[in-house]
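K.L.:
Would you be able to build a 3D model of this:
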Amino acid sequence: MLEVTPFLTAQVTKFRCGGFTVGIAFNHCMFDGTSLMNFMNSWTEIARGRPLSLIPRHDRTIMKSRVPPQITGTSDSFVHISDVSDLKALYEEEQIVWKSFHFDNQKLATLKKMATTDEQIISSCSSFVALAALVWRARTIALKMKPDQLSKLLFPVDLRSKMKPPMPGYIGNAVKACCLCTAGELIDEPMSFTAGRIQEAIERVNEDYVWSWIHSLDVYQFDLLSLTSLVLVSWQRFDYGSTDFGWGKPRTLGTGDLSPGCLFMADGSEKGGIVAVLVLPLLAMNTFEKLVQLE
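P.N.:
Here you go, the predicted model:
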């Protein structure tokens, strides 16, 4: 085992059919998903002898926290949560399984209608917000969390567009937007209320939020891997279909370990569906699958 995680490693595996895969592992302290995708597409442009379409910005000092840290606002991201539902034992005792769920345009339209039923709470929302509300609630029920169990929904927000001036090409990391409530609240409230929570969390992320979040990292411990929380990552807008080393566009894209998270990916079709990839204990996964059926 390596004592120090490399910044980046890559492996090419060739197959007898003539195809190949490119496997990438990276240190998340260096990259977020946007940084990595920009790196991959720049790599392929160089391989094809083309000029870089986006010049990378490697100066990390522009986002360096101040001394002393200046926390102007609080973020629920750093609230400590006790595992009163004993999810740790559940994950240790049961088989852990991965599964993907496809939501086509019709299903996404149904979800958005469910999420905006009460227009006094939220009148419109994106497919991401509606699907995130469904997945967070269904996972909470499937894991049989106790009503007083606090649960977070955490999802990265690209800080580049939130800064003044914006920072296109910045090689760094994202901040996390966060929703926090009890499992009982999440299960009992209408989906429109949950969607409203998520929409508000997105809208809170501005330049002040970014700086406060960065400074909070210096003061508080950020428990990204708490089983009581759902870390949701969206690759819907990533242009991984353009990662062409000269042999054509990729046929498919996969990911590594997600526990305890969920990944949203574009389904690759022109119609714009979403594939949600999730990891759960076996019995919880069976329950989750029933809860997200929209037929």
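K.L.:
What strand or helix carries the most centrally placed residue in the chain?
P.N.:
Closest residue to the average C-alpha location of the chain: Val233 at 1.1 Å, with Cα atoms, centre = their mean. Element membership for Val233, per DSSP states H and E: strand 230-234.
K.L.:
same question, Ser192
P.N.:
Using DSSP H and E, Ser192 falls in helix 191-203.
K.L.:
who's in contact with that helix?
P.N.:
114-118, 121-122, 125, 129-130, 132-134, 136-137, 153, 157, 177-179, 181, 186 (Cβ atoms under 8 Å, 6 or more residues apart in numbering). Every C-beta, even on glycine, is put in place using the N, C-alpha and C of the backbone.
K.L.:
Stretch 8-25 too?
P.N.:
Against stretch 8-25 from outside (Cβ under 8 Å, 6+ apart): 6, 26-27, 30-31, 36, 40, 245, 251, 256.
K.L.:
Show the buried residues in those residues.
P.N.:
Buried subset of the contacts of stretch 8-25 (neighbour count, 16 or more other Cβ atoms under 10 Å): 26, 30-31, 36, 40, 245.
K.L.:
now the residues you listed as CSV including secondary structure and pLDDT?
P.N.:
As requested, the buried ones among the contacts of stretch 8-25 are exported to CSV (DSSP: H, G, I helix; E, B strand; the rest coil; pLDDT from 0 to 100):
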residue, secondary structure, pLDDT
Phe26, strand, 81
Met30, coil, 79
Phe31, coil, 81
Leu36, helix, 86
Met40, helix, 89
Phe245, coil, 88
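K.L.:
On the three-state scheme, Pro51 is what?
P.N.:
coil (DSSP: H, G, I helix; E, B strand; the rest coil).
K.L.:
who's in contact with it?
P.N.:
Here Pro51 is in contact with Glu45 (Cβ under 8 Å, 6+ apart).
K.L.:
Could you do Ala130 as well?
P.N.:
Contacts of Ala130 by Cβ under 8 Å, 6+ apart are 108, 111-112, 114-115, 191, 195.
K.L.:
what about the strands in the stretch 1-150 of the chain?
P.N.:
Assigned by DSSP state E, counting those that start in this stretch, the stretch 1-150 of the chain shows strands spanning 8-14, 20-26, 96-103, 150-157.
K.L.:
Asp158 against Lys176, yeah?
P.N.:
No - judged on Cβ atoms under 8 Å, Asp158 makes no contact with Lys176 at a distance of 11.4 Å.
K.L.:
More neighbours: those two, which one.
P.N.:
The residue with more neighbours, out of Asp158 and Lys176, is Lys176; 22 against 16, by other Cβ atoms under 10 Å.
K.L.:
Who is the more buried one paired with across the strands?
P.N.:
With DSSP bridges as the criterion, Lys176 is bridged to Pro156.
K.L.:
separation between it and Leu232?
P.N.:
Using Cβ to Cβ, to the nearest Å, Lys176 is found at 10 Å from Leu232.
K.L.:
what do these two both touch?
P.N.:
Common neighbours of Lys176 and Leu232 (criterion: Cβ under 8 Å, 6+ apart): 154-155.
K.L.:
quick one on the thing from earlier: which residues touch the strand holding Val233?
P.N.:
So strand 230-234 is contacted by 33, 128, 132, 135-136, 139, 151-156, 224, 258, 260-264 (Cβ under 8 Å, 6+ apart).
K.L.:
Report the buried residues of the helix or strand just after that strand.
P.N.:
From strand 230-234 onward toward the C-terminus, using DSSP H and E, the following helix or strand is strand 261-266. Neighbour-count burial for strand 261-266 flags 261-266 (criterion: 16+ other Cβ under 10 Å).
K.L.:
ok, Leu227 - contacts?
P.N.:
Counting by Cβ under 8 Å, 6+ apart, Leu227 makes contact with 83, 87-88, 91, 260.
K.L.:
and these as a markdown table, adding pLDDT and distance to Arg57?
P.N.:
Output for those, formatted as a markdown table (pLDDT from 0 to 100; distance: Cβ to Cβ, whole Å):
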| residue | pLDDT | distance to Arg57 |
| --- | --- | --- |
| Asp83 | 95 | 40 |
| Leu87 | 95 | 40 |
| Lys88 | 93 | 40 |
| Tyr91 | 92 | 39 |
| Pro260 | 69 | 32 |
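K.L.:
which one among these gets closest to Ile171?
P.N.:
Nearest to Ile171 out of the contacts of Leu227 is Pro260 (Cβ to Cβ; 27.1 Å).
K.L.:
in stretch 192-207, what's buried?
P.N.:
Under 16+ other Cβ under 10 Å, the buried positions of stretch 192-207 are 192-199, 201-202, 205.
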